[in-house]
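pasting the sequence and the predicted coordinates here, then a few questions.
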Amino acid sequence: MTSLWSRGGLTWKELGLRLWRQIWEDELLGRCAELAYFFLFSIFPLLLFLTTLIGTLAEANPALKLDLTVFLIRISPSPQISNLLTTTLQEVTQGSTGTKLWLSLVTAVCALFETDGNGAQVTVASAGHPLPLRRRPGAVPDPLGNHGVLLGVEGEDDWTDVTVSLAPGDTVLFYTDGVTETPGEATRYGELRLQDAMSRAGDGPVALLAEIERSLREFQSGTAIDDRAMLALRFLGVRAAVA
């Protein structure tokens, strides 16, 4: 029997190159990223929902609670695990509320635009949402504001208002994370590619959105994507009052 350590006659370098080529062709890195993403944003809330639902139903139906307890004891491999499972069921039953049944992850970004002479300013506050990007002619697009915690999570003091100036010709782009999370062959689209697309785009919000859409279609691999939404606002300046 041939030893596994003989590597089929390949050198370590050849084995490493073949392994990396196969990882790339099978899109293993992208699949791992998708698995981690869907586990966090889909599976975890589902488990939380089901756990709370079981607790709610068991609290309303003593017979169901007894059946669940007997079932957990029957499938448990040891008395210690049985005690742990039954204690957990008891705690879930006592602490179950309707709130957890509709718990979800919510993000938001708020922006207040104000004019000042011939210029303007925008005040931005983000609650776990991607920060808007400002495109100024001749400059690299830059994010506006600071990242804050998600809505419904303790720590509201973490939300901060950030005010920045806008000059005539500036464009502010608001977008959802479905844009930057668009999957490619081995990675996600990301903010850097979004900024590059904004820099390449022609003049005006319509041309800006069209270039980003073109870049996303060119980058995207497969059909499994998150919802995408974009809003581009351009400041043209303040018209002087006519006497």
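Good, I have the coordinates.

hmm, residue 185 is touching residue 221, no?
Yes. Between residue 185 and residue 221 there is a contact at 4.7 Å, judged by C-beta atoms under 8 Å. All C-beta spots, glycine's among them, are computed from the backbone N, C-alpha and C.

please identify every residue contacting each of the two.
27, 30 (C-beta atoms under 8 Å, 6 or more residues apart in numbering).

quick one: contacts for the residue lying closest to residue 175 once chain neighbours are set aside?
Of all residues not flanking residue 175 in the chain, residue 230 sits nearest, at 4.6 Å (C-beta to C-beta, 6 or more residues apart in numbering). Applying C-beta under 8 Å, 6+ apart to residue 230 gives the contacts 173, 174, 175, 176, 179, 209, 212.

what's the pLDDT at residue 230?
On pLDDT, residue 230 comes in at 96.

just residue 51 next, same as before
So residue 51 comes in at 63 (pLDDT).

residue contacts, residue 208?
135, 171, 173, 198, 201, 202, 232.

for it, which three-state class applies?
The local conformation at residue 208, judged by DSSP: H, G, I helix; E, B strand; the rest coil, is helix.

could I get the full set of strands for the chain?
With strands called from DSSP state E, the chain shows them at 108-116, 119-127, 133-135, 142-143, 162-166, 171-175, 230-234.

how about the contacts made by residue 10?
Residues in contact with residue 10 (C-beta under 8 Å, 6+ apart) are residue 18.

any idea how far it is from residue 234?
Distance, residue 10 to residue 234, by C-beta to C-beta, to the nearest Å: 57 Å.

grab the nearest non-local neighbour of residue 136.
Closest residue to residue 136 apart from its sequence neighbours, by C-beta to C-beta, 6+ apart: residue 170 at 5.2 Å.

circling back to that earlier point, would JSON lines of the strands of the chain with distance to residue 71 be doable?
Output for the strands of the chain, formatted as JSON lines (distance: least, C-beta to C-beta, whole Å):
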{"stretch": "strand 108-116", "distance to residue 71": "42"}
{"stretch": "strand 119-127", "distance to residue 71": "41"}
{"stretch": "strand 133-135", "distance to residue 71": "53"}
{"stretch": "strand 142-143", "distance to residue 71": "51"}
{"stretch": "strand 162-166", "distance to residue 71": "54"}
{"stretch": "strand 171-175", "distance to residue 71": "47"}
{"stretch": "strand 230-234", "distance to residue 71": "50"}
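
and of the ones you listed, who's closest to residue 84?
Nearest to residue 84, of all the strands of the chain, is strand 119-127, at 36.3 Å by C-beta to C-beta.

quick revisit: most widely separated two among the contacts of residue 208?
The largest separation in the contacts of residue 208, counting by C-beta to C-beta, is between 173 and 202 at 14.3 Å.

more neighbours, these two?
For residue 173 versus residue 202, neighbours defined as other C-beta atoms under 10 Å are more numerous around residue 173 (25 against 9).

and residue 145, how far from residue 186?
30 Å.

who's more crowded, those two?
Just comparing residue 145 and residue 186: by other C-beta under 10 Å the higher neighbour count belongs to residue 145, 23 against 14.

burial measure for the residue lying closest to that one once chain neighbours are set aside, as a count.
Closest residue to residue 145 apart from its sequence neighbours, by C-beta to C-beta, 6+ apart: residue 124 at 3.5 Å. Look at residue 124: counted by other C-beta under 10 Å, it has 23 neighbours.

perfect, I'm done here.
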